[in-house]
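Colleague: Below is the sequence, then the predicted model.
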Amino acid sequence: TQLLEQSPQFLSIQEGENLTVYCNSSSVFSSLQWYRQEPGEGPVLLVTVVTGGEVKKLKRLTFQFGDARKDSSLHITAAQPGDTGLYLCAGADYTDKLIFGTGTRLQVFP
Amino acid sequence: SQTIHQWPATLVQPVGSPLSLECTVEGTSNPNLYWYRQAAGRGLQLLFYSVGIGQISSEVPQNLSASRPQDRQFILSSKKLLLSDSGFYLCAWSVTTGDEAFFGQGTRLTVV
């Protein structure tokens, strides 16, 4: 069974701090996505990375795909209360499955 | 534009009762379809996925089943619910593997 382990599981920080969320697996993925989910709703896509070593930036969010395409990270600079939510990585393998990570719950206090 | 409908939004069912959750997609054809279950505040567990009519792949052995009777319809069923079946069920679709997955609003199932 493929697993995507995210760390940390919970993160509680003050506004303005930086943070990094990690997504690790022993499996290779053809692409990796990051989603954000609000309570009671479905996840919404933030970014997709497809090339090993790829780095993508979305305003204060920086996403990186590992060289071996087994891991990824999400870095948020100067976190804001609006960044609060559940962050999920998801890996697409070569058999049509989309596997989600264990999730990181982020709380940013003003 | 494409839309995904999932119902019901909430459901309370007694142990041993049957279950049927329905998901339909509009505005696209031959989508990949997925059923996930989510424990409170945690990640999504892939239950079933389908790349075409009648093609269902099961990820986790359990008392749930899925069917795809039409191209854009995906149904999650159980003959007898267990307490452990409680959770937040999400249906999703994508154009193909690796593309953005679009989710329904989810069904919160409580088995009592």
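Modeller: Alright, I've got the coordinates.
Colleague: tell me the contacts of residue 77?
Modeller: I went with chain A, as the question did not name one. A:18, A:60, A:61, A:62 (C-beta atoms under 8 Å, 6 or more residues apart in numbering or on different chains). Placement of C-beta: from N, CA and C, glycine included.
Colleague: Wait, chain B was what I had in mind.
Modeller: By C-beta under 8 Å, 6+ apart, the residues touching residue B:77 are B:18, B:19, B:20, B:21, B:64, B:65, B:66, B:67.
Colleague: Please check those residues and keep the buried ones.
Modeller: Buried residues within the contacts of residue B:77, counting neighbours by 16 or more other C-beta atoms under 10 Å in any protein chain shown: B:19, B:21, B:64, B:66, B:67.
Colleague: and the last one, how far is that from chain A?
Modeller: Meaning residue B:67. Distance from residue B:67 to chain A, counting by C-beta to the nearest C-beta, to the nearest Å: 17 Å.
Colleague: so residue B:9 makes contact with residue B:90?
Modeller: No. Using C-beta atoms under 8 Å, residue B:9 makes no contact with residue B:90, being 11.8 Å away.
Colleague: Could you pull out the residues contacting both of the two?
Modeller: With C-beta under 8 Å, 6+ apart, residue B:9 and residue B:90 have common neighbours B:106, B:107.
Colleague: Between those two, which has more neighbouring residues?
Modeller: The neighbour count for residue B:9 versus residue B:90, taken as other C-beta atoms under 10 Å in any protein chain shown, is higher for residue B:90 (25 against 11).
Colleague: could you pull out the strands for chain A?
Modeller: For chain A, the strands defined by DSSP state E cover A:5-7, A:10-14, A:19-24, A:31-37, A:44-49, A:55-58, A:61-65, A:71-76, A:85-92, A:98-100, A:104-109.
Colleague: What is the fourth one packed up against?
Modeller: This means strand A:31-37. strand A:44-49, strand A:71-76, strand A:85-92 (3 or more C-beta pairs under 8 Å, 6 or more residues apart in numbering or on different chains; DSSP states H and E).
Colleague: Could you say which of the ones you listed is packed most deeply?
Modeller: Among the helices and strands packed on strand A:31-37, strand A:85-92 has the highest mean neighbour count (mean count of other C-beta atoms under 10 Å in any protein chain shown), at a mean of 24.
Colleague: Can you give me the separation between residue A:99 and chain B?
Modeller: 6 Å.
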